[in-house]
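**Q** here is my input; please provide its structure:
(one chain, ligands or ions: 1)
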Amino acid sequence: MTGHLLSTRDLGRDEAIALLDTAEDMSSTQRRSVKKLPTLRGRTVVNCFFEDSTRTRISFELAAKRLSADVVTFTARGSSVSKGEGLQDTAQTLQAMGADGIVLRHPASGAAAVLAASGWTHAGVVNAGDGTHEHPTQALLDAFTIRRRLHGEAARGHDLAGVRVLIVGDILHSRVARSNLWLLTALGAEVGFVAPPTLLPTGIGRWPATVATDFDTALGARPDVVMMLRVQRERMADAFFPSVREYAALYGLSEARAAALPERTVIMHPGPMNRGLEIAGAVADSARSAVLEQVEHGIAVRMAVLYRVLTGSDDPASGAVTGAGASA
Ligand code: NCD
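**A** As a prediction, the model looks like this:
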């Protein structure tokens, strides 16, 4: 076992910057016509998705393939999980089959940590989203995207000191909000949350962030980044707001709200988007929107994470990334 990535809470500033810098190295290789590196040749990565996903699953799969790992992806539907097999038997089976890395998405908060501590497998574990708890690679790709927008190709080595990030919407159910809070604050950014009172978790007052319920007032403070969150209706057993129309009117990033923001404001969304609910389609497609950059950078960031978890190194200068075998 060489390590795990379970949470951004245990990433310090320097460690986070080192990971983002490794992702920069990975990203520079992704502009070549042949994108594949030999770095993880002979290693096996298994993507276990016990919860629905499109972009995260495909992104991890491409990241592992571009590092030449053997990669297998299975989803709960169509696997023995749908026959009632639990995490323990799945993990022990994968161990017996020789998995070196397990990328886990699971509806239970804490599932990745349980797997990493269990002894059921010696594989490095990467948390790809556990319930409403954390989604560390999403936060890393968000930080990478913000750093790129601010510093362009010269982003290497920078933290996010003084950058003001407003995170808006369904904070209660959002693992993206939690992972971003820990990572962004470790990098020196100032985080503000805005949501209807019913979508703020209890205890949020103890988080290192400002909390507000009026979106227009928060936008008036001209944040550098506005990160919209999906309304996660699949996690809502009750009605958390009176109507979709009212939510969009009070908390949606409409064209009018976006037009009032400075030109340099970066607009983000982790996807999948509810167009017309938390974000207007035209805003998501505008030049200020970094939504597709987030998707693109996700691959480089996940390559960096898999590299670190499977080799225990942040330093690809060994030649594995940039040297022989990496076709130009
Ligand atoms: C996020 C997730 O699954 O937590 N999506 C993603 O990974 N791209 C956010 C969401 O589902 O709203």
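**Q** residues contacting whichever residue of the chain sits closest to the ligand?
**A** Closest residue of the chain to the ligand, CB to the nearest ligand atom: R230 (3.3 Å). From N, CA and C alone the C-beta is placed, and that goes for glycine too. When contacts are counted by CB atoms under 8 Å, 6 or more residues apart in numbering, R230 touches 169-170, 269-274, 278.
**Q** R66 too?
**A** Counting by CB under 8 Å, 6+ apart, R66 touches 30, 35-37, 299, 303.
**Q** tell me how far it lies from G298.
**A** 12 Å (CB to CB, to the nearest Å).
**Q** go on, T75?
**A** Per CB to CB, T75 is found 18 Å from G298.
**Q** tell me the SS of the residue nearest in space to the middle of the chain?
**A** Centrality entry for the chain: nearest residue to the mean C-alpha point is Q138, 0.5 Å, by CA atoms, centre = their mean. What DSSP: H, G, I helix; E, B strand; the rest coil gives for Q138 is helix.
**Q** I'd assumed T56 was in contact with it.
**A** Yes: assessed by CB atoms under 8 Å, Q138 is found in contact with T56 at 7.4 Å.
**Q** mutual contacts of the two, please.
**A** Common neighbours of Q138 and T56, using CB under 8 Å, 6+ apart, are 129, 298.
**Q** which positions in the chain make contact with the ligand?
**A** Applying CB under 6 Å from any ligand atom, we find that the chain lies next to the ligand at 55-56, 129, 135, 138, 175-176, 230, 232, 270-271.
**Q** give the buried subset of these as a PyMOL selection command.
**A** Those of these that count as buried under 16 or more other CB atoms under 10 Å are selected in PyMOL with:
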select buried, resi 56+129+135+138+175+176+230+232+270+271
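**Q** now do the contacts for E15.
**A** Residues counted as contacts of E15 (CB under 8 Å, 6+ apart) are D314.
**Q** that one belongs to a helix?
**A** Yes: assignment of E15 by three-state DSSP places it within a helix.
**Q** how far away is it from I204?
**A** E15 is 26 Å from I204, by CB to CB.
**Q** same check on E246?
**A** Counting by CB to CB, the gap from E246 to I204 is 22 Å.
**Q** go on, M236?
**A** Using CB to CB, M236 is found at 18 Å from I204.
**Q** ok, M303 next?
**A** Separation of M303 from I204 (CB to CB): 33 Å.
**Q** more crowded one of the two?
**A** Neighbours were counted for M303 and for I204 using other CB atoms under 10 Å; M303 has more, 31 against 15.
**Q** break down this structure into its strands, ranges please.
**A** 44-49, 70-75, 101-106, 124-130, 164-168, 190-194, 210-212, 225-228, 266-268 (DSSP state E).
**Q** would you format the ones you listed as JSON lines with mean pLDDT included?
**A** What follows is those, written out as JSON lines (pLDDT from 0 to 100):
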{"stretch": "strand 44-49", "mean pLDDT": "96"}
{"stretch": "strand 70-75", "mean pLDDT": "92"}
{"stretch": "strand 101-106", "mean pLDDT": "96"}
{"stretch": "strand 124-130", "mean pLDDT": "97"}
{"stretch": "strand 164-168", "mean pLDDT": "98"}
{"stretch": "strand 190-194", "mean pLDDT": "98"}
{"stretch": "strand 210-212", "mean pLDDT": "98"}
{"stretch": "strand 225-228", "mean pLDDT": "98"}
{"stretch": "strand 266-268", "mean pLDDT": "98"}
